[in-house]
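Enquirer: structure for the following, please:
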Amino acid sequence: MFRSLHPAKFVMASPSEQLCHHYSLADIQLATQNFNDRLVVDQGGSGKVYKGRIRSEGSSSTTVAIKRYGSLSGEGVPEFSADIKTLSKMRHAHLVSLLGYCYDDKEMILVYEYMPNGTLYHHLHESSTPLSWLQRLKISIDAAWGLDYLHNGAGTQCGVVHSDVNSKNILLGENWAAKISDFRLSKICPLNQSSTYVQSCIEGKFGYMDPEIFLTGKFTSKTDVFAYGVVLFELLSGRQAVLPDGDKDLSLATWAQNCVKKRNLDQLVAVEIRGKVSPKSLKEFSQIAYRCLDSDPNVRPSMSEVVVALRLSESLQEKFENCAKPAGLFGFTWKISCYSAYPAKKNSGTN
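Expert: Sure thing, here's the model as predicted:
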């Protein structure tokens, strides 16, 4: 969504209106040690992300993530200016904050807050230390809050369709708090208009994309919901969005839907957390993830509904874990409080 611009055409807001910092290329080169590859923390089709320390006027240096898109042509000044203004307004605990930008010598560079625990993808598929089920639930709720904020336009007069929801675009910060990142393909839609837009060149990650997109080319908040349903089953199963199946690829979405239809919920649970998931929590989680993948976008839940269901799943898991705590000095009393759902009836007879 961020487009390059010609230096002569670029006009920033007045200081009172400026919503994020404008860094010079020299600032960025200093922060990245002249784009030293040893500081690269992520790399994709759109460019490299560097970890660096940068200083803003009147403040101490801060660790940041610096995304370099490279040399680009000079088009889209109004769109770029509007996008920067809107994104810098979107401050939420579960969105990665845009701190600044650089356009200098045809370089497009964005500066974001740094997320020390990296991507959700890494922790699900590459790390040797598995996430617990409760951690996965908390991450899922955080990210759902972030998407709900985007879709409902809180803090702006616009809603935002992310268009590239996947486990690599969910970053983990201090205490494993999750935030939505990478708004490169996002589209800003006024809330008083249709939240649908057509993209002539379809981009995104296979396995997360709503099949409807390939028929209509339309992206909506419900295409984000579909992609998030895939992320939910990824969290539950520990499997990637595209599964190897002999000579052909099978999507996680299709496999998970089949498991739910056949009521094989236990088969969905990742090996490393099997036996540690509350059956009630599993059922609630699977049901909302399944609804996210419905073939009819109108039947899919809103992200607000997803948040409610995930919080219920979390509370069921917390209760399950509390009841499963080892008995200690007060173990017997603890278990009585867990399993006595109803108070004992008073004896109506006489002694």
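
Enquirer: quick one: residue 228 and residue 303 touch, right?
Expert: Yes: contact criterion Cβ atoms under 8 Å: residue 228 and residue 303 qualify, at 7.3 Å. (Glycine included, C-beta is placed from N, CA and C.)

Enquirer: between these two, which has more neighbouring residues?
Expert: Using other Cβ atoms under 10 Å as the criterion, residue 228 and residue 303 rank with residue 228 on top: 27 against 24.

Enquirer: how close does the more buried one get to residue 137?
Expert: Using Cβ to Cβ, to the nearest Å, residue 228 is found at 14 Å from residue 137.

Enquirer: please apply the same query to residue 181.
Expert: Note on residue 181: its distance to residue 137, by Cβ to Cβ, is 20 Å.

Enquirer: same question for residue 250.
Expert: For residue 250 relative to residue 137 (Cβ to Cβ), the value is 26 Å.

Enquirer: neighbour count for those two, which is higher?
Expert: For residue 250 versus residue 137, neighbours defined as other Cβ under 10 Å are more numerous around residue 137 (24 against 14).

Enquirer: so that one: helix, strand or coil?
Expert: At residue 137 the chain is in helix, as set by DSSP: H, G, I helix; E, B strand; the rest coil.

Enquirer: so who does residue 240 touch?
Expert: By Cβ atoms under 8 Å, 6 or more residues apart in numbering, residue 240 lies in contact with 125, 207, 234, 252.

Enquirer: again, only this time at 7 Å
Expert: By Cβ atoms under 7 Å, 6 or more residues apart in numbering, residue 240 lies in contact with 125, 252.

Enquirer: with residue 49 instead?
Expert: Going by Cβ under 7 Å, 6+ apart, residue 49 touches 40-42, 65-67.

Enquirer: one more: residue 147?
Expert: Residue 147 touches 162, 165, 180, 224, 228, 303, counting by Cβ under 7 Å, 6+ apart.

Enquirer: give me the contacts around the longest strand along the chain.
Expert: Counting residues, the longest strand found in the chain (DSSP state E) is strand 62-71. When contacts are defined by Cβ under 7 Å, 6+ apart, strand 62-71 is touched by residues 28, 31-32, 35, 41, 46-54, 99, 106-114.

Enquirer: follow-up on the earlier one: okay, who's weakest in the contacts of residue 147 by pLDDT?
Expert: For those, the weakest pLDDT value sits at residue 162, with 90.

Enquirer: circling back: and the contacts of strand 62-71, which of them are buried?
Expert: In these, burial by neighbour count holds for 28, 31-32, 35, 41, 46-54, 99, 107-114, counting by 16 or more other Cβ atoms under 10 Å.

Enquirer: which of these fall within helices?
Expert: Using DSSP state H, the members of the buried ones among the contacts of strand 62-71 that fall in helices are 28, 31.
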